[in-house]
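Visitor: my questions concern the predicted model and sequence given below.
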Amino acid sequence: MREMLTGGELDVLTGDYLAELTMLILGRDRLKDPRLGYAKTFLRQLEENLGHAQERGVRIVANAGGLNPGALADAVRELAGRVGVPVRVAHVEGDSLPLPQGALTANAYLGGGGIAQCLGAGADVVVTGRVTDAALVTGPAAWWFGWGPEEYDRLAGAVAAGHVLECGTQATAGNYAFLDERRDVRHPGFPLAEIHSDGSSVITKHQGTGGYVDTGTVTAQLLYETGAPRYAGPDVTARLDTVRLTQEGPDRVRISGVRGEAPPPTLKAGLTRVGGWRNEIGFVLTGLDIEAKAALVRAQVEEALSAAKRRPAEVRWELVRTDRPDADTQERASALLRLVVRDPDPANVGRVISGAAIELALGSYPGFHVTAPPGKGAPYGVFETVYVDPEDVEHVAVLPGGERVKVRHPVRTRALEPVSSAELPPALTGPTRRAPLGAVAGARSGDKGGDANVGVWVRSDEEWRWLAHALTVDRFRALLPETAPLPVTRHVLPNLRALNFVVEGLLGEGVASQSRFDPQAKALGEWLRSRHIDIPEVLL
């Protein structure tokens, strides 16, 4: 926050504090203390930086209010009085929904209208609950330029900018597929968007900060955690297949041409609940006969589970072969056998499991040890997406003076429909050579509830002529066998030279359920890039 406020010009500082997992964590906080439910980190940052923002006339907009934006607004006022920086504070609420049976949290994703109202009333700090990530940008942009609710192309341009900004340094070469040893990415600076009245923007960063901004880093973030080309939100549906990127100079990428459409008739909402109890044990297998050692301890544990009063509802084994022959360190000579169990009853994942493992310590495979002592187990969460009638959600802006203003939902809506198939370029032909896909293509992957997406892009028209035809759904499934039994959809984005694959159900019941080794699919794209495929020699 200090770097953004002191490093260069800024009109509005935005902060995205809410992920799907965060909502579950805040829900558990609120159970312990009803006064909580917001991101306390925001207050610690604000204590140090509120004066910087006030001196420079920078408005602050953050969704750190989580489940309790009103309480966070009060805490900001108390903090401002304590540090002697007078500020006008407003907040946005109304996203909280009635809790269904068994749910911990239930929140609709609101748009930027409430934020615009608060800024228009003179707020210096606006805190919200669950708004869309892009609303942190569409709200300030609509306020600044006076956009109406049906200026869809302008709003869609702001959505694109907001989506690029929402994950911070992922737009400035953080987590970027193409590692470039010539560039210093140890401490990437945070991105900012220079937004114009027509909705176009330039993505850049403060001068002198680390990392870099180019069309590749912006493409990667545009693809992150998206699905179909119609990118729906409560303010507007942005057409990602119309986005055009232009490198305007060092660390300056223009986003233009974004078309917008009326938003869908329903609002997305997220539910979280405690799904059950989970335990995990990692058996370390060292040296020779790894497969035999794994088979022995697995048979022993399975026998103990069968003898228990009740076997856990879910038992999963995974042998991870990290060992190497004739290794020069013990760790490099070792593999890991992971046992993960789940059950609605904590008793069925606690002592039953820890006892079975520890009782084998002197009577199993040679070199028996585990990565950590097994515990009692821990609760895991489940995230579920539902869709609600906007009329059942009261979007409210609470202005600095306490006045409550109801924000109207869009009058016009448009049901989401598949985009017509994009025209593909002529296929590139010629001699090929077996090589990793990542020798040519970048990838960025992530999660949306239980689904995962993998965006794949290339940097030249010639590479696109090959990728568009080579990486089909069947080829994708063959390269990533874990996706083979699942529904996979491919979306084509020619302007970005990109393909976006959505894999349904790969992540089970979402990140909080930890059903997979990589529960947020963060490295799914890097696995895909490491897989070998026939690539035209002219591209290598």
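Guide: Nice, thanks for sending it over.

Visitor: which intervals of the stretch 301-450 of the chain have sub-threshold pLDDT?
Guide: Along the stretch 301-450 of the chain, no part satisfies pLDDT under 70.

Visitor: where exactly do the helices run in it?
Guide: For the stretch 301-450 of the chain, the helices defined by DSSP state H, counting those that start in this stretch cover 351-358.

Visitor: partners of the top strand by length along the chain in the sheet?
Guide: When the chain is parsed with DSSP state E, its longest strand is strand 267-286. Here strand 267-286 has these sheet partners by DSSP bridges: strand 105-108 (antiparallel), strand 334-343 (antiparallel), strand 369-370 (antiparallel), strand 378-388 (antiparallel).

Visitor: can you list the residues that contact the worst-scoring helix or strand of the chain on mean pLDDT?
Guide: Least confident helix or strand, the chain: helix 351-358 with a mean of 87, by mean pLDDT, DSSP states H and E. Contacts with helix 351-358, where a contact means C-beta atoms under 8 Å, 6 or more residues apart in numbering, come from 279, 281, 283, 300-301, 304-305, 308, 312, 339, 341, 370, 373-377. From N, CA and C alone the C-beta is placed, and that goes for glycine too.

Visitor: residues contacting the spatially closest residue to A134 that is not a sequence neighbour?
Guide: Nearest residue to A134, sequence neighbours excluded (C-beta to C-beta, 6 or more residues apart in numbering): G162, at 3.3 Å. If you count contacts by C-beta under 8 Å, 6+ apart, G162 has them with T14, D133, A134, A135, L136, V137, T138, A193.

Visitor: please apply the same query to A103.
Guide: L271, T272, R273.

Visitor: alpha carbons only: can I get the helix or strand Q247 falls within in CSV?
Guide: Assigned by DSSP states H and E, Q247 falls within strand 244-249. Output in CSV follows, covering the C-alpha atoms of strand 244-249 (Å, rounded to 0.1, in the frame of the first residue of the first chain):
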residue,chain,number,x,y,z
ARG,A,244,-7.3,-6.0,-28.1
LEU,A,245,-3.9,-5.5,-26.6
THR,A,246,-1.2,-3.1,-27.9
GLN,A,247,2.3,-2.6,-26.5
GLU,A,248,2.6,1.2,-26.4
GLY,A,249,6.0,1.4,-24.9
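
Visitor: just checking, next helix/strand downstream of it?
Guide: Stepping forward along the backbone from strand 244-249, the first helix or strand reached (DSSP H and E) is strand 252-256.

Visitor: ok, and what's touching that next one?
Guide: For strand 252-256, contacts defined as C-beta under 8 Å, 6+ apart pick out 157, 160-161, 164, 200-204, 213-215, 217-218, 243-248.

Visitor: swap in 10 Å and give it another go.
Guide: 157-158, 160-161, 163-164, 171, 191, 193-196, 198-205, 213-219, 222, 242-248 (C-beta atoms under 10 Å, 6 or more residues apart in numbering).

Visitor: related to what we said a few turns ago, can you give me how far the longest strand of the chain is from the chain middle?
Guide: Computed by C-alpha atoms, centre = their mean, to the nearest Å, the chain-centroid distance of strand 267-286 equals 17 Å.

Visitor: and the strands in the stretch 151-300 of the chain?
Guide: Using DSSP state E, counting those that start in this stretch, the strands of the stretch 151-300 of the chain run over residues 191-195, 201-205, 230-231, 237-239, 244-249, 252-256, 259-261, 267-286.

Visitor: A80: which element?
Guide: Here A80, judged by DSSP H and E, is contained in helix 69-83.

Visitor: pLDDT on that helix, on average?
Guide: The average pLDDT for helix 69-83 rounds to 98.

Visitor: relative orientation of the very next helix or strand once past that helix and helix 69-83 in degrees?
Guide: Per DSSP H and E, the first helix or strand lying C-terminal to helix 69-83 is strand 89-93. Angular relation of strand 89-93 and helix 69-83 on a 0 to 180 degree scale: 170 degrees, by axes from the mean of the first three to the mean of the last three C-alpha atoms, to 10 degrees.

Visitor: which strands and helices sit next to strand 89-93?
Guide: With contacts taken as 3 or more C-beta pairs under 10 Å, 6 or more residues apart in numbering; DSSP states H and E, strand 89-93 sits against strand 59-62, helix 69-83, helix 113-120, strand 125-128, strand 396-398, strand 404-406.

Visitor: report the distance from stretch 387-407 to the chain centre.
Guide: Averaged C-alpha coordinates place stretch 387-407 at 26 Å from its chain's average position (C-alpha atoms, centre = their mean).

Visitor: quick one: end-to-end distance for that stretch.
Guide: 19 Å (C-alpha to C-alpha, to the nearest Å).
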